[in-house]
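1. Sequence and predicted structure are below.
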Amino acid sequence: MTIHQILGENGIQESVCSNGACPAAITTDDGNVYVQGYIPGVEANQTLTAPDGEAFVRIPLPVLKKIAAQIVDL
């Protein structure tokens, strides 16, 4: 797997979490998007349940909207 782009709140980044610019969406050559975010707190983990092999990350909605707009433009 090769990383094509790392998209953060302020646009394309050079590396993951560059200068505190997280969360991020990472696009790869295998056609997937990997999402980096904050680990949910205890309260969220009591409410959210994911199937085996899956997990949740927390991304503030304004940040997700900025990242999503960049992905749509790919």
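-> Arrived safely. Numbers count the residues shown, from 1 in each chain.
2. pretty sure Lys66 contacts Glu9?
-> Yes - counting by C-beta atoms under 8 Å, Lys66 touches Glu9, with 5.3 Å between them. Heads up, the C-betas are built off the backbone N, CA and C, glycines and all.
3. quick one: which of those two has more around it?
-> Glu9 (19 against 15; other C-beta atoms under 10 Å).
4. Return the residues in contact with the more buried one.
-> With contact set as C-beta atoms under 8 Å, 6 or more residues apart in numbering, Glu9 has these partners: Ala21, Pro23, Val63, Lys66, Ile67.
5. What does it show for phi and psi?
-> phi -60, psi -30 (degrees, to the nearest 10).
6. Confirm that Lys65 sits in a helix.
-> Yes - if the criterion is DSSP: H, G, I helix; E, B strand; the rest coil, then Lys65 is within a helix.
7. For it, the count of nearby residues, please.
-> If you count neighbours by other C-beta under 10 Å, Lys65 ends up with 11.
8. picking that back up, among the contacts of Glu9, find me the one that's closest to Glu54.
-> Pro23 (17.1 Å; C-beta to C-beta).
9. Distance-wise, check that closest one relative to Phe56.
-> 12 Å (C-beta to C-beta, to the nearest Å).
10. Quick one: the helices in the protein, in order.
-> Under the criterion DSSP state H, the chain contains helices at 42-47, 61-72.
11. Tell me which of these is the most buried.
-> Comparing these by mean neighbour count (mean count of other C-beta atoms under 10 Å), helix 61-72 ranks first with a mean of 13.
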